[in-house]
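Q: Structure of the sequence below:
(chains A, B, C and D)
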Amino acid sequence: MPLTRRQIAWRAAQDLKDGAYVNLGIGLPTLVSDYIPEGREIVFQSENGVLGVGPAPGANAADPDLINAGKQPITLVTGGSYVHHTDSFLMIRGGHLDCALLGAFEVSDKGDLANWTTDDPRFPPGVGGAMDLAVGAKEIRVLVEHTTKGGAPRLVRRCQYPLTAERVVKRIYTDLAVIDVTTQGFLLREIAEGIDVSGLQAKTEAPLRAAPDLKPLRAPVV
Amino acid sequence: MPLTRRQIAWRAAQDLKDGAYVNLGIGLPTLVSDYIPEGREIVFQSENGVLGVGPAPGANAADPDLINAGKQPITLVTGGSYVHHTDSFLMIRGGHLDCALLGAFEVSDKGDLANWTTDDPRFPPGVGGAMDLAVGAKEIRVLVEHTTKGGAPRLVRRCQYPLTAERVVKRIYTDLAVIDVTTQGFLLREIAEGIDVSGLQAKTEAPLRAAPDLKPLRAPVV
Amino acid sequence: MIDKRVGNLAEAVAGVRDGAVVLCGGFGEAGLPNALCEALIEEGARDLTVVANNAGTGRRGLAALMAARRVRKIICSFPRSSGSVVFEELYAKGEIELELVPQGIISERMRCAAAGLGGFYSPVSVGTRLAEGKEHREIDGRVYVLEKPLKGDVALIAADRGDRWGNLTYRKSARNFNPTMAMAADLAIAQVREIVELGDLDPEVIVTPGIFVDRLVALPRV
Amino acid sequence: MIDKRVGNLAEAVAGVRDGAVVLCGGFGEAGLPNALCEALIEEGARDLTVVANNAGTGRRGLAALMAARRVRKIICSFPRSSGSVVFEELYAKGEIELELVPQGIISERMRCAAAGLGGFYSPVSVGTRLAEGKEHREIDGRVYVLEKPLKGDVALIAADRGDRWGNLTYRKSARNFNPTMAMAADLAIAQVREIVELGDLDPEVIVTPGIFVDRLVALPRV
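A: From the prediction side, this is the model:
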């Protein structure tokens, strides 16, 4: 059974260590904060100068001056603080975040990341903080559906879309697998039930090596 | 009559415009703040992160956490604020100060400034914020006695002491004169009573041109 | 006396010239200087280059300025957002130029200008399309690109409270680009929710010291 | 749970290794981490390179650490001050190495490291002895020297109030180098006058967010 989007977020959340400082990309990664295991204190950073992002406010409690990088209303947790943009990106670029969890269009088996533009000619391109995050956080992990809606692999030998950064991704969470990017390419750590390694390889452009301790990828109903 | 040190400070103070942001170097320039003309609001900056330096506190009112760049106790004026060192030197280096009034060992007629070390082998050298200030403030003015105690000129063709910065000084206040540094060298603006231009030239290594509207240099008893 | 308060928006933006580089604060809907942007339409300056994170949303503020055809070029990280209709239309017609810069690099380049530096080596965008044409350099085993200072002729910023010296505070994530932009322009103009008496802002909590601000206008939040 | 509080000074400085680069906050007598410096003597690390503005005064703090012969080299802007007896004695005997850096460049170089940048072009010291051996470059008609990041293995800082997340505030000019040093070291250790409950520090007035701080120890002011 492939994981749902929320289950991918749940799985990624399990790997966050108590006390980690984490930036969550727009979209799928944003869901991760809903699934932090009990008892862990994780500090979420938002590019626009918020350290300690809390849950969305109640319906009428939104403050227009308090938003996240996705421009959605948020709250601030106890212990959180505000900085200006330049200091916020100092945190990001300077390696002060333990981890950034990002979305992607493609990830290569060298760890190259493409997540900022599909070159759709109908729209002007926008990069936001994607390139800053991709080179700055101590560790980059990606949450992505294993293939496109059309079934094309997103885990590739070489990205076709314009790169966000080279050789930065360390771990990938998909609906079908958890995969580490190693110096020898993709290392399959966990695989969803109902698919085997050769079935997964058929959906993955670059070669997969199965870890000796390959585990099933399971997530609760969330 | 040559001016006293306090009169040199008084004269320099007269040129500060209402609303100016000014850094005062250690020593003679520090006295300038005592002589701001009535009705002018001048904001004094100190390198260690104080914008709005006020007068020295009363005998028992000193706060060890509130000092100036010369490490003397100060106060903060109403409207003043604190920044950290990096932001303080951003102000300094980035041209945000209208003026820095500095001391000097020597000034050349190209505007070169030597004010950080005499290479006295008995002591380790110290530069402090001298080089940052000398290249950063919009305008550099120097307060200095016209000659050394031994009578050697401090206004020279070429500095003998190690330079702090090249071609930065715009105006010099001494006990004998007010002199501008122009592309044609020293331009004598004001001269103390009791000395004439040739007498002043004898105490000045580089050539002096007298301004067409040369004025007497006068200061009240202060 | 230092008094940077002006009576109305027209006075606030007076004198902005054709061809000016205008830094425009805000992120999403937080901390946008909408009233100042709109006042610029009346003021009449044309051929502006605007630096902002986003390219305006809806029909207000920066979007209104673009709709009035006053903006020749926009330097931003993320032009497209829900409601960036004016920009998208102009862009599709080739009537506005776009320079895309990673979010953290926009703010760092402005800080670089504010701090009087000539440029800096950044790891962001290396290996991507946005690094094309930039000078590359390996330093201690890592590859960087040279980024140049980005200075404004004018900054339009939004703050929470201000005083007659131009000291400013912000609210929550409305801080964003505003403090850096205030430092990085020759003329910094602030719209503030409230002007308070000098001394009412705690010197420890002033985020933008008045030295960086030239004019401020009170504008009760609507 | 995030809890960066440690019970005593020995725990605070535990693990500092021989040869470490130690950033040491303070300016004059304000904001000096004297207790942490003295705890380092007990801890035992040798061959330290210390980065500080001054080279210690009297017999306490950094001076005590130097007197105990633990400091191989000091990088500072102004080693000499009234009472810098320990340093002067070691320097005269050739038992301590001195690297002199302009005050604003020390802090900017530390910020450069904190911000993940490879270096920056500075106008400070051009044409002086302190620029010798540095790469020079003309950018837009002005000459700059290339300055490299200055990163600490450890930062010893002094703050006013802190909480268990490591959020810090400072008092007046005791802020000085401390916030930048906290950002620029792998291990940032703070001595604070008072530890308060999480949430007691206003998110708008936190100067050093906890992400930059690793350990803090309460030390009532004497």
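
Q: C-alpha only now, for contacts and for neighbours.
A: Will do.

Q: Does residue C:28 touch residue C:54 like I think?
A: Yes: judged on C-alpha atoms under 8 Å, residue C:28 makes contact with residue C:54 at a distance of 7.1 Å.

Q: What is the three-state secondary structure of the closest residue to chain B within chain A?
A: Of all residues in chain A, residue A:87 sits closest to chain B, with a separation of 11.7 Å (C-alpha to the nearest C-alpha). State at residue A:87, reduced to three classes by DSSP: H, G, I helix; E, B strand; the rest coil: helix.

Q: and it, what is it in contact with?
A: Going by C-alpha atoms under 8 Å, 6 or more residues apart in numbering or on different chains, residue A:87 touches residue A:49.

Q: Against residue C:210, how distant is it?
A: Distance of residue A:87 to residue C:210, computed by C-alpha to C-alpha, to the nearest Å: 20 Å.

Q: Need the per-residue pLDDT for residue A:120.
A: For residue A:120, the pLDDT comes out at 89.

Q: mind checking the SS state of it?
A: Assignment for residue A:120 (three-state DSSP): coil.

Q: which of the residues in the strand ranked longest in chain A are buried?
A: In chain A, with assignment by DSSP state E, the single longest strand is strand A:208-217. Judged by neighbour count using 16 or more other C-alpha atoms under 10 Å in any protein chain shown, the buried positions of strand A:208-217 are A:208-210, A:215, A:217.

Q: repeat for stretch C:71-89
A: For stretch C:71-89, the neighbour count (16+ other C-alpha under 10 Å) marks C:71-81, C:84-88 as buried.

Q: Going by distance to chain D, which of the residues you listed wins?
A: For those, the nearest to chain D is residue C:77 (19.0 Å; C-alpha to the nearest C-alpha).

Q: Okay, now the unreliable bits of chain C?
A: C:220-222 (pLDDT under 70).

Q: what's the spacing between residue A:30 and chain D?
A: Taking C-alpha to the nearest C-alpha, to the nearest Å as the measure, residue A:30 falls 20 Å from chain D.

Q: What count of nearby residues applies to the closest residue to residue A:73 other than its chain neighbours?
A: The spatially closest residue to residue A:73, leaving aside those adjacent along the chain, is residue A:67, at 4.4 Å (C-alpha to C-alpha, 6 or more residues apart in numbering or on different chains). By the criterion of other C-alpha atoms under 10 Å in any protein chain shown, residue A:67 has 27 neighbours.

Q: hang on, residue A:67 packs against residue C:173?
A: Yes: with contact defined as C-alpha under 8 Å, residue A:67 reaches residue C:173; the gap is 6.5 Å.

Q: what's the overlap in contacts for those two?
A: Shared contacts of residue A:67 and residue C:173, defined by C-alpha under 8 Å, 6+ apart, comprise residue C:30.

Q: Quick check: chain neighbours aside, which residue is closest to the residue in chain C positioned nearest to chain D?
A: Here chain C gets closest to chain D at one residue, residue C:120, 4.1 Å apart by C-alpha to the nearest C-alpha. Spatial nearest neighbour of residue C:120, chain neighbours left out: residue D:120 (4.1 Å); criterion: C-alpha to C-alpha, 6+ apart.

Q: How are the helices of chain C distributed by residue range?
A: For chain C, applying DSSP state H gives helices covering C:9-13, C:34-43, C:62-67, C:85-92, C:103-114, C:178-183.

Q: Please identify the most buried of those.
A: helix C:178-183 (a mean of 29; mean count of other C-alpha atoms under 10 Å in any protein chain shown).

Q: how distant is that helix from the center of its chain?
A: The chain centroid and the centroid of helix C:178-183 are separated by 7 Å, computed with C-alpha atoms, centre = their mean, to the nearest Å.

Q: does any part of it sit near chain D?
A: No: against chain D, helix C:178-183 shows no contacts by C-alpha under 8 Å from any C-alpha of the partner chain, the least distance being 13.5 Å.

Q: Against which helices or strands is that helix packed?
A: In terms of contacts (3 or more C-alpha pairs under 8 Å, 6 or more residues apart in numbering or on different chains; DSSP states H and E), helix C:178-183 is packed against strand C:21-24, helix C:103-114, strand C:152-162, strand C:185-195.

Q: Show me the contact partners of that helix.
A: A:84-86, C:23-26, C:31, C:107, C:110-111, C:114, C:152, C:155-159, C:188-189, C:207-208, C:212-213.

Q: make it 7 Å
A: Helix C:178-183 is contacted by residues A:84, A:86, C:23, C:25-26, C:107, C:110-111, C:114, C:155, C:157-158, C:188, C:208, C:212-213 when judged by C-alpha atoms under 7 Å, 6 or more residues apart in numbering or on different chains.

Q: try stretch A:29-43
A: A:6, A:9-10, A:12-14, A:18-22, A:24, A:51-52, A:101-103, A:143, D:1-2.

Q: one more time with 8 Å
A: Residues contacting stretch A:29-43 (C-alpha under 8 Å, 6+ apart): A:6, A:9-10, A:12-14, A:16-22, A:24, A:51-53, A:101-103, A:143, D:1-2.

Q: Show me which of these are buried.
A: Judged by 16+ other C-alpha under 10 Å, buried ones among the contacts of stretch A:29-43: A:6, A:9-10, A:12-13, A:16-22, A:24, A:51-53, A:101-103, A:143.

Q: The helices and strands packed on helix C:178-183: which one's closest to residue A:192?
A: Nearest to residue A:192 among these is helix C:103-114; the distance by C-alpha to C-alpha comes to 36.7 Å.

Q: Now do the closest one against strand C:152-162, angle only.
A: Helix C:103-114 runs at 100 degrees relative to strand C:152-162, counting by axes from the mean of the first three to the mean of the last three C-alpha atoms, to 10 degrees.
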